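A.B. asks: Next comes the sequence, and after it the predicted model I'd like to discuss.
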Amino acid sequence: MSMELHARIRSNLTPDPNYDPIQMIMFTLHRELLDDNNSTTAKKPYMAAIIVKPDIVKNMEGCLKLKNRLLILDYVRSETDLILRFSRYVQHSDPDIVLGYVVDTQSW
């Protein structure tokens, strides 16, 4: 499982977790399983985005139009809900490794 998070930042400042909430976590999961013949078979990887959107009910119809079969869009109401939902994905998929990466010097 690889993941990346995006935070809302103030002006040109470096993100500070005390002030800048996480707005989205995106991740992809790739799984390989052993079949009955002990040969490796790969399940299709999937991507998911967990997005903080406090006014979920009002915008739900527009959100459904963005969904496709390769991308799961999951909306939550707060940063706390975002972290809890991501932890449920991790617990459910039980990946061997979780990795993240820095795409620029402002990631935290």
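C.D. replies: That came through fine.
A.B. asks: quick one, helices of the protein?
C.D. replies: Using DSSP state H, the helices of the chain run over 56-64, 79-93.
A.B. asks: and the ones you listed, which one's lowest on average pLDDT?
C.D. replies: Looking at the helices of the chain, the lowest mean pLDDT belongs to helix 56-64 (a mean of 51).
A.B. asks: which secondary element of the protein has the worst mean pLDDT?
C.D. replies: Scoring the helices and strands of the chain by mean pLDDT, DSSP states H and E places helix 56-64 at the bottom, with a mean of 51.
A.B. asks: so Ile97 touches Met3, yeah?
C.D. replies: No: Ile97 is beyond contact range of Met3, at 11.1 Å (criterion: CB atoms under 8 Å). For every residue, glycine as well, the C-beta is placed using N, CA and C.
A.B. asks: more crowded one of those two?
C.D. replies: Met3 (19 against 6; other CB atoms under 10 Å).
A.B. asks: hey, C-alpha coordinates of stretch 89-100 in PDB?
C.D. replies: Output in PDB follows, covering the C-alpha atoms of stretch 89-100 (Å, rounded to 0.1, in the frame of the first residue of the first chain):
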ATOM      1  CA  TYR A  89      -8.700   0.500   5.200                       C
ATOM      2  CA  VAL A  90      -5.200  -0.400   6.500                       C
ATOM      3  CA  GLN A  91      -6.700  -2.900   9.000                       C
ATOM      4  CA  HIS A  92      -9.000  -4.400   6.500                       C
ATOM      5  CA  SER A  93      -6.400  -4.900   3.700                       C
ATOM      6  CA  ASP A  94      -3.600  -5.800   6.200                       C
ATOM      7  CA  PRO A  95      -0.800  -4.800   3.800                       C
ATOM      8  CA  ASP A  96       2.800  -6.100   4.300                       C
ATOM      9  CA  ILE A  97       4.100  -2.600   4.000                       C
ATOM     10  CA  VAL A  98       2.700   1.000   4.000                       C
ATOM     11  CA  LEU A  99       4.800   3.600   2.200                       C
ATOM     12  CA  GLY A 100       4.600   7.200   1.500                       C
END
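A.B. asks: Many thanks, have a good one.
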